[in-house]
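K.L.:
no sequence for this one, just the structure:
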């Protein structure tokens, strides 16, 4: 046996690269606050980017895999992945907001803008002194949902070709998770760990992560499409 | 307590130990298993992984001391995530050319190239300006990949692509390797970082978690390689964990400002 390269493999590679780019851009939308947010001293979800990306990505993969067991059509698979990932992210943000509101007892406020771009409510009066905002205000919630949509579509788009190549769901899921992690960590380095959403000034840096993810995606895609099932020797 | 001597290793030395230790360990595992026709020597795979852990934990320690803003686990996850794909890539390519023995070398080379490219991207495109980024990520991804491969070999007891897919990927034990291996690589620096961080303490912590991972994987391998070889992995893993735990405890006591027994409340306070 030797290496064979055909059009199908090129399409699979393209799907893996585009999926990775969607994940990479999606991470920029998710409001991540890290440890300061966990202490209600910064806006966003109180955990790291990688944890959030893993959570939404794995939920997206699970729902995409479920759909994939009934159909081979790529569109419903992508849609299910996106919806699963969005539900997970929204549930996380909603529960987080309940805790900020009823347990910590703080108003939701963004420190990066003076007026919430969606509700037009003024923000500075509600930001507690010495902090950079609290909770997950409306604009961050909407931004997080968009991020989860992109992440879910991206995750499903990586999983789909992996399964088509190997025909082995366990292996495809692990490959998809591995690629997902790489594509989630690169943009989170780009935003230096914290971001509020599309209204954050750091969001303008996304083309840098896009370029880096493109090259990393090409390297990963080459590796993934070359791994073909071997006959029992 | 003060007599406890530490050690200091250069990154180049550690890279050499990591590459030679893990590659030789993997070949030794597979060779001895094939020669005796048993799976008894699978535990050597886990010991080979310890060399890679030593190598990887040091590279993560070097890069993350610059402060990336995302926490230490992110880098471990990047390297381990890539390792999940790269570990079988080499085996598959080698298997297709009917040259199973070349697998680990192809894997190692591709992983290091990948790490170097991502490191260059971080510096040149994302403007990190960390001077050791390329070198550190190259070491990190190479070490993570060799560790994942060595643990996979010790779970399956062989170097053939089909067997590793059947025993490690299809059973889902790769998830255990992923998180235990990730722990062994990124936890040491995460737990020991700070102004008084010392290389020997961090690396011994890594070895300790590596021993714990060996213990956990031993339990997993009861299903894949049989009870007796798995018990050997469990016992050796537990012994290694205990040895490095005691060592780590003594190092932690050495680096503590003072260890004093405060005793009970003084009589005047009662």
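P.N.:
Yes, it's here. Since we're looking at a predicted model, the values are computed, not measured.

K.L.:
got the contact list for residue A:53?
P.N.:
A:23, A:27, A:30, A:151, A:180-181, A:184, A:188 (C-beta atoms under 8 Å, 6 or more residues apart in numbering or on different chains). Every residue, glycine included, has its C-beta placed from N, CA and C.

K.L.:
hang on, I meant residue B:56
P.N.:
Residue B:56 neighbours (C-beta under 8 Å, 6+ apart): B:18, B:79, B:139-140, B:142-144, B:147, B:185.

K.L.:
now the two most distant members of those.
P.N.:
Farthest-apart pair in the contacts of residue B:56 is B:18 and B:79; separation 13.0 Å (C-beta to C-beta).

K.L.:
surely residue B:217 touches residue B:155?
P.N.:
Yes. Applying C-beta atoms under 8 Å as the test, residue B:217 and residue B:155 come out as touching, 6.2 Å apart.

K.L.:
please enumerate the shared neighbours of these two.
P.N.:
B:173, B:177.

K.L.:
any idea which element the spatially most central residue of chain A lies in?
P.N.:
Per C-alpha atoms, centre = their mean, the C-alpha nearest to the average position across chain A is that of residue A:151, at 3.6 Å. Assigned by DSSP states H and E, residue A:151 belongs to helix A:138-166.

K.L.:
right, is the helix or strand following that helix up against chain B?
P.N.:
Later in the chain than helix A:138-166, the nearest helix or strand by DSSP H and E is helix A:169-190. Yes. Helix A:169-190 lies within reach of chain B by C-beta under 8 Å from any C-beta of the partner chain, at A:170-171, A:174-175, A:177-182, A:185-186, A:188-190.

K.L.:
surely the residue nearest to the centre of chain A meets residue A:55?
P.N.:
No. Using C-beta under 8 Å as the test, residue A:151 is too far from residue A:55 to be in contact (9.9 Å).

K.L.:
next, show the common contact partners of those two.
P.N.:
By C-beta under 8 Å, 6+ apart, the residues touching both residue A:151 and residue A:55 are residue A:89.

K.L.:
what packs against the helix or strand of chain A with the lowest mean pLDDT?
P.N.:
For chain A, the helix or strand with the lowest mean confidence is helix A:34-38, at a mean of 81 (criterion: mean pLDDT, DSSP states H and E). Helices and strands touching helix A:34-38, as assessed by 3 or more C-beta pairs under 8 Å, 6 or more residues apart in numbering or on different chains; DSSP states H and E, are absent.

K.L.:
hmm, back to that, contacting residues for the residue nearest to the centre of chain A?
P.N.:
A:22-23, A:26-27, A:30, A:53, A:56-57, A:60, A:85, A:89, A:184.

K.L.:
residue boundaries of the strands in chain A?
P.N.:
Counting by DSSP state E, chain A has these strands, from start to end: A:109-110, A:133-134.

K.L.:
from the chain's centroid, how far away is stretch B:82-92?
P.N.:
Its chain's average C-alpha position is 16 Å from that of stretch B:82-92, according to C-alpha atoms, centre = their mean, to the nearest Å.

K.L.:
try stretch B:184-192
P.N.:
Distance, centroid of stretch B:184-192 to centroid of chain: 11 Å (C-alpha atoms, centre = their mean).

K.L.:
and stretch B:21-40, by the same measure?
P.N.:
Using C-alpha atoms, centre = their mean, the offset of stretch B:21-40 from its chain centre is 19 Å.

K.L.:
cool, and stretch A:194-201?
P.N.:
On C-alpha atoms, centre = their mean, the centre of stretch A:194-201 falls 14 Å from that of its chain.

K.L.:
where do the helices sit along chain A?
P.N.:
Assignment of helices within chain A using DSSP state H yields the ranges A:7-29, A:34-38, A:49-68, A:74-98, A:138-166, A:169-190, A:206-226.

K.L.:
Serialize those helices to a markdown table and add fields for distance to residue B:118.
P.N.:
As requested, those are exported to a markdown table (distance: least, C-beta to C-beta, whole Å):
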| stretch | distance to residue B:118 |
| --- | --- |
| helix A:7-29 | 13 |
| helix A:34-38 | 22 |
| helix A:49-68 | 15 |
| helix A:74-98 | 25 |
| helix A:138-166 | 17 |
| helix A:169-190 | 7 |
| helix A:206-226 | 6 |
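
K.L.:
residue B:18 and residue B:79: which has the busier surroundings?
P.N.:
More crowded of residue B:18 and residue B:79, by other C-beta atoms under 10 Å in any protein chain shown: residue B:79, with 34 against 27.

K.L.:
what comes up buried for stretch B:222-230?
P.N.:
In terms of neighbour count (16 or more other C-beta atoms under 10 Å in any protein chain shown), stretch B:222-230 has its buried residues at B:224-225, B:229-230.

K.L.:
again with stretch B:190-200
P.N.:
For stretch B:190-200, using 16+ other C-beta under 10 Å, the buried residues are B:190-192, B:198-200.

K.L.:
could you dump the residues you listed to a markdown table with secondary structure?
P.N.:
Output for the buried residues of stretch B:190-200, formatted as a markdown table (DSSP: H, G, I helix; E, B strand; the rest coil):
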| residue | secondary structure |
| --- | --- |
| B:190 | helix |
| B:191 | helix |
| B:192 | helix |
| B:198 | coil |
| B:199 | helix |
| B:200 | helix |
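
K.L.:
those also near chain A: which ones?
P.N.:
Applying C-beta under 8 Å from any C-beta to the buried residues of stretch B:190-200, none is adjacent to chain A.

K.L.:
which one of those residues is nearest chain A?
P.N.:
Nearest to chain A among those: residue B:190, at 11.5 Å, using C-beta to the nearest C-beta.

K.L.:
where does the chain dip in pLDDT?
P.N.:
No chain in the question, so chain A it is. A:1-5, A:231-233 (pLDDT under 70).

K.L.:
switch to chain B, that's the one I care about
P.N.:
B:1-4, B:269-270.

K.L.:
repeat the analysis, applying 80 as the threshold.
P.N.:
Along chain B, the model assigns pLDDT under 80 to residues B:1-9, B:67-71, B:98-100, B:128-129, B:194-196, B:257-270.
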